Every structure is written in structure tokens, then in C-alpha cells.
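> My questions are about this predicted structure, shown below with the sequence.
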Amino acid sequence: MEKIGKFAVIGDSESVTAFMAIGAAVRKVSDEYEAADALRALAKSDEYAVIFVTENYAAKMEQLMNKYKEQAYPAVLPIPGSTGANGFGMAGLKKDVEKAVGVDILFNGN
């Protein structure tokens, strides 16, 4: 299947509903177990290039998120939910950049 432009969003109802208006596949979940099941199913479908997971669930299933980080497709990325950011996504970005370049160039140790 063609993956270009196909993306999905996993999160609580308030956080993901607006994404339906722009054509995203939306999975409304109520806990991290449902989120993990939804992520596995979406990734297994081989239909999506990008899967966004709200930070509140992404933080609770960090090990599973890291598993998909090692693969080219799908890209699995945390996004803030309806309650705002909790820092999980930014911390992951910081760690990835440090790993790639060897130093903290984004936050200067903060």
C-alpha cells in the first residue's frame, strides 16, 4: 500500500477528534493498554507512514515506542494531548539529538 500522506493518531477522545477533520485515522483509547494495542495494530497494518501518540500514553508505553523508533516505518511520534505537553516528547527529542551528534546542542544541559 502507498504510505505517503497516511497517518494515524492515538489518544483520548478530546485530543484526537480534531484530527478526523484533516483525514487522519483516529484511535480513541481510554488507557495505555488500549493505546498499545492500537499502536501494534496500526503498525502491523503497514498502511501508515506516521503514527502520532499523545504524550500521556506514549510515556506509559515508552518501551513499545522505542521498539518502533528502531524501524524506518512507521515513524511513531509523541504529541501533546488536550491537557498540554508533559515533556515526554521533548525529552525524547533531546536524547535522540544527543545520540546523533554526541552533545546536547538543543538545550545546553537544561
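Nice, I can see it.

> CA atoms only for stretch 45-53, dumped as CSV, please.
What follows is stretch 45-53 as a C-alpha-only set of coordinates in CSV (Å, rounded to 0.1, in the frame of the first residue of the first chain):
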residue,chain,number,x,y,z
SER,A,45,-1.3,-2.9,9.0
ASP,A,46,1.7,-1.5,7.1
GLU,A,47,-0.7,1.3,5.9
TYR,A,48,0.7,4.3,7.8
ALA,A,49,3.9,6.2,7.4
VAL,A,50,3.4,8.2,10.7
ILE,A,51,1.5,7.3,13.9
PHE,A,52,1.2,10.0,16.5
VAL,A,53,0.6,9.0,20.1
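
> Give me the average confidence score over that stretch.
Mean pLDDT, computed over stretch 45-53, is 89.

> for stretch 6-25, same thing?
Taken as a whole, stretch 6-25 has an average pLDDT of 91.

> Number the residues from 58 up from this point.
Will do, 58 is the new start, and the previous item becomes stretch 63-82.

> how long is it end to end?
Across stretch 63-82, the terminal residues are separated by 8 Å (Cα to Cα, to the nearest Å).

> ok, and what's touching it?
In this structure, residues lying in contact with stretch 63-82 by Cβ atoms under 8 Å, 6 or more residues apart in numbering are 83-87, 92, 95-96, 99, 104-111, 113-114, 136, 138-139. Heads up, the C-betas are built off the backbone N, CA and C, glycines and all.

> Go again with 6 Å.
Counting contacts by Cβ atoms under 6 Å, 6 or more residues apart in numbering, the residues outside stretch 63-82 that touch it are 83-85, 92, 95, 99, 104-111, 138-139.
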